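> missing the sequence, but the structure's below:
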């Protein structure tokens, strides 16, 4: 079956045919703007999300003041002094940012994630293999909030549900933006935030997102987000792949080698093909090296 026939098969509930065709042309390495059909969905209203947040474990929620510099150390991120429920219900005026992590643990949101990703799975499988470790995150931000410069380890599509924002995305695998040792630290539990320099901005591409827009963000492509003049709600649907898993293993292997004063190796654009280095890393890890 051709990529075109896969895109045309069935009726898309979340991503229209045109969005799937655009995604197929860009995946996995290029950021690209898409469209979606989840605006107004009952599970994605502020009331529904406040109720969801209040039944989630504390470890699955992160929230703080939203007006931050593009570069901020994790330990310097200020609290907003509110409970989570208060934060979401008054987010229009409290100047905050919140993320609900792993909402797929709730059955209703798991179905929402599965339905969306099922439409993209044939395209993904042809490029990076089966979708692994599927997750969903919901971001709620007050007017004018900023999500600082950072990177994420997953393949990601962010769907704008309410309000507007601008996401500026930078090339993945650019060591001027993300030095090799930062990648190594990141894959060994280091924080996602990156060091910002004003000279970086010209390297990025700004994508303006309104309700019904979405954006594909490649694995570890650095980005920052500036919220518009109204409350923003965004749904992020993510997955891992053999490629993203391999990239993490190879950076972890380099970290192990660096700690021992040994030469590190290059992580290629197709790390899943670097089987020997991955095998050696797994053996060394198993031996407790």
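Great, that's in hand. Since the model is a prediction, treat every value here as computed from it, not as a measurement.
> hmm, who's touching stretch 217-226?
With CB atoms under 8 Å, 6 or more residues apart in numbering as the test, stretch 217-226 has contacts from 28-31, 70, 141, 145-158, 165-174, 177-178, 183, 186, 194, 196, 204, 243-244, 247. Every residue, glycine included, has its C-beta placed from N, CA and C.
> change it to 7 Å
28-31, 70, 146-156, 158, 165-172, 177-178, 194, 244, 247 (CB atoms under 7 Å, 6 or more residues apart in numbering).
> quick check: neighbours of the one helix or strand residue 216 maps to in the sheet, parallel or antiparallel?
Applying DSSP states H and E as the criterion places residue 216 in strand 213-217. Strand 213-217 has the following strand partners under DSSP bridges: strand 32-35 (antiparallel), strand 155-162 (antiparallel).
> from those, which stretch is densest packed?
When these are scored by mean count of other CB atoms under 10 Å, the highest mean neighbour count falls to strand 155-162 (a mean of 24).
> now that strand: average pLDDT?
Mean pLDDT, strand 155-162: 97.
> distance from the chain centre to it, please.
Its chain's average C-alpha position is 9 Å from that of strand 155-162, according to CA atoms, centre = their mean, to the nearest Å.
> contact partners of it?
For strand 155-162, the external contacting residues (CB under 7 Å, 6+ apart) are 28, 34, 36, 38-39, 44, 209-211, 213-217, 219, 231-239, 241, 244.
> okay, and which of the residues you listed map to helices?
Residues of the contacts of strand 155-162 located in helices (DSSP state H): residue 244.
> any idea which of the strands paired with strand 213-217 gets closest to residue 125?
Closest approach to residue 125 among these (CB to CB): strand 155-162, 12.2 Å.
> in the following helix or strand past the closest one, which residues are buried?
Using DSSP H and E, the helix or strand that follows strand 155-162 in sequence is strand 165-169. By 16 or more other CB atoms under 10 Å, the buried positions in strand 165-169 come out as 165, 167-169.
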